[in-house]
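Engineer: Predicted structure and sequence below. I'll ask about it afterward.
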Amino acid sequence: MESLKGIQLHILGLERFLQRSPEWVGKVVLLQVGVSAFERGGDYAKTKAEVTSLVERINSTWPGTIQFQECSENEMRLQQRMALLRAGDVCLITSVRDGLNRVPLEFTLAHQDALTPEGQRDQRKRGICILSEFSSITRVMRGALHVNPWKISQIANAMHLALTMTNEERLLRVSIASDFVNRVTTQRWALAVLLDLKSVQKNVDGQFSGNGLGLDYRIVGMNTGFDSLDVSEVAKSFKKKRNRLILLDYGGTILCNDNLDNLSRYQMVNQLRAPSLPTERLLSTLKALCADRRNTVFVVSGKERHSLVKALGKIPNLGLAAEHGMFISWPTSKPGKRSWETMVPEADRSWRPLAITIMEVYTSRTHGSYIEETEMKVLWQYRDSDPEFGYLQSRELEDHLSNVLQGYAVEVLHGGMEEGGYVEVRPLGVNKGVLAMYVINKLPNKMDFGLVLGDDHCDEPMLSVMRQIGRRVKDMQLAKRGEPPLPPLPGTVTLVDVSPCDDHVTSDLDMFTCTVGKKPSAAANFVNDVEEVHELLDVLIKMNTRDEKCLSISDLRAMNQSAPPLAIETTNLAVKSSVETISAYVKRSASMNLMVH
């Protein structure tokens, strides 16, 4: 007897049903048993008073319609519950917030004989459950009628449907519920737990750290060797390589993330607030990196094309990838005339109105949720809703979308609350990992240096792919020298086939993968924040500047061989100028020596 159980709601639903269908007066009786909850204090007293008042009011109008009895928990054990449930024809659960309620399972078990010829001889229309969509048991009781307990008319309609549905539909619903109850038993659950415990192995090589406060506190485990990025090692490799690929995430990596604040995220989706733009320092840093012909720099973002162009579109020789790689703009010296290509053909867009229509249903029933649309994808955001109910609805939406859209070339992705709380529908085969391989295979020269920076789960496919490419090159080097292979990659790396990139990377490739923030990731290293990312990029620019001032003749000749045709003339002039300078210095030194002697 507590307010969360919603007893008053289904009593009001019964009253509405009898008002609408007076022909059922005297033919239905509600058996309501309330278990005393003295520990609930004022909530229990208030609930008991409201239930008693409603029972008296309805019985005064239709005598004998509700049989209400209060008892202690000891008086309503399993044996007593099964007898009571067996006597009923319809089970009513209208909780406004509930976890695993076992009563519907017990009711289904008590009436599973309704599927047999012997059980059908009594002609009773029994075995149907009416369940609140705010109870987690609704997720598994697919044969039940689901209602919003706050909508009294919906409860009344469900009662009418339960009493008037055809025998075929009723038996089908009972069969679906009975199949789950008999298949997913307590013994099976216990066996699964024991098997999971048996399969767990102690990880002596891991390192653990605490994260969060209060109920959000978590122990985060990471693999040994997951250390802070060694900037000096990156700079040393960067200096001596000639064909470098740099892949940078946008929000949260080179720019502070707008999505950290839920209110800011909602305002941006609904165009109530402009997104943050890069600073002049960041723009100048990217310009300096892109000015070096040895660098191929891409900013890979989940944002739409117009947002990326507005923020970074004026930087010459900067490649852009929007919406996780769906749209690609290759580096160009004329950024004002950018062209875009799609990595995956998107000819059929008929799935979008279907997905949006389904999402609108879940938005109407989930307070705090909203729909976000982009050129490529549609998202249902529930980060601002009740965490438990929002997650419950998201799982149901994921199943619903998967069933309806299974004939389309799309994929349904679900990100939990720790990943932002969303259900996303987007074209099949689009992610940052696929983009990374696509870019590598399109490079004019073999890549000998790779640097990848990201910060969240959307960047993990890119980090996984690039780390595997680097590991594959190292394994080949060890095999040639007859040395044992390196230990397997950690479980955070999603294994994919990266062999198509073998012909597009050099045998001495240096690969650096890094995530922003110390957390489990497919990356090999981490930096602490966005400011450290800026410092790393500044170091690379300084190495470029120093490298240009201290070039040897062999360096200039190497640049001449690897430079594109437009740059050969400039490089030849630089070589010629350097040779003339050195010759003049030698002659001047020789004449000085003669004068001394």
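Structural biologist: Perfect, I can see it now.
Engineer: C-alpha from now on. contacts and neighbour counts both.
Structural biologist: Fine.
Engineer: how many other residues sit next to the spatially closest residue to residue 517 that is not a sequence neighbour?
Structural biologist: Spatially, and ignoring its direct neighbours in sequence, residue 517 is nearest to residue 528 (4.6 Å; CA to CA, 6 or more residues apart in numbering). Neighbourhood size, residue 528 [other CA atoms under 10 Å]: 14.
Engineer: The chain should start at 56 in everything you say after this.
Structural biologist: All right, first residue 56 from here; so that's residue 583.
Engineer: Residue 193 versus residue 583, what's the distance?
Structural biologist: 43 Å (CA to CA, to the nearest Å).
Engineer: and if you look at residue 134?
Structural biologist: Using CA to CA, we find residue 134 at a distance of 24 Å from residue 193.
Engineer: And residue 370, by the same measure?
Structural biologist: When residue 370 is compared with residue 193 (using CA to CA), they lie 53 Å apart.
Engineer: go on, residue 90?
Structural biologist: 22 Å.
Engineer: Same question for residue 230.
Structural biologist: 16 Å.
Engineer: try residue 559
Structural biologist: Using CA to CA, we find residue 559 at a distance of 52 Å from residue 193.
Engineer: just residue 550 next, same as before
Structural biologist: Taken as CA to CA, the span from residue 550 to residue 193 is 36 Å.
Engineer: before we move on, what about residue 546?
Structural biologist: Residue 546 sits 34 Å away from residue 193, going by CA to CA.
Engineer: who has more neighbours, these two?
Structural biologist: When residue 546 and residue 193 are compared for neighbours, residue 193 comes out ahead with 23 against 11, by other CA under 10 Å.
Engineer: Any idea how far stretch 499-517 is from the middle of the chain?
Structural biologist: Centre-to-centre, stretch 499-517 and its host chain are 19 Å apart (CA atoms, centre = their mean, to the nearest Å).
Engineer: Go through it and flag the buried ones.
Structural biologist: 500-511, 513-517 (16 or more other CA atoms under 10 Å).
Engineer: I'd like to know how many residues surround the nearest residue to residue 166 once chain neighbours are set aside.
Structural biologist: Leaving aside its chain neighbours, residue 166 sits nearest to residue 182 (5.4 Å; criterion: CA to CA, 6+ apart). Look at residue 182: counted by other CA under 10 Å, it has 30 neighbours.
Engineer: Identify the residues contacting residue 182.
Structural biologist: By CA atoms under 8 Å, 6 or more residues apart in numbering, residue 182 lies in contact with 144-146, 162-163, 166-167, 169, 225, 229.
Engineer: does residue 530 count as helix, strand or coil?
Structural biologist: Here residue 530 is recorded as helix under DSSP: H, G, I helix; E, B strand; the rest coil.
Engineer: tally of neighbours for the nearest residue to it once chain neighbours are set aside?
Structural biologist: Once flanking residues are discounted, residue 530 sits nearest to residue 540: 5.9 Å by CA to CA, 6+ apart. Here the count is done by other CA under 10 Å, and residue 540 has 13 residues near it.
Engineer: does residue 540 really touch residue 534, like I thought?
Structural biologist: Yes - using CA atoms under 8 Å, residue 540 is in contact with residue 534, at 7.2 Å.
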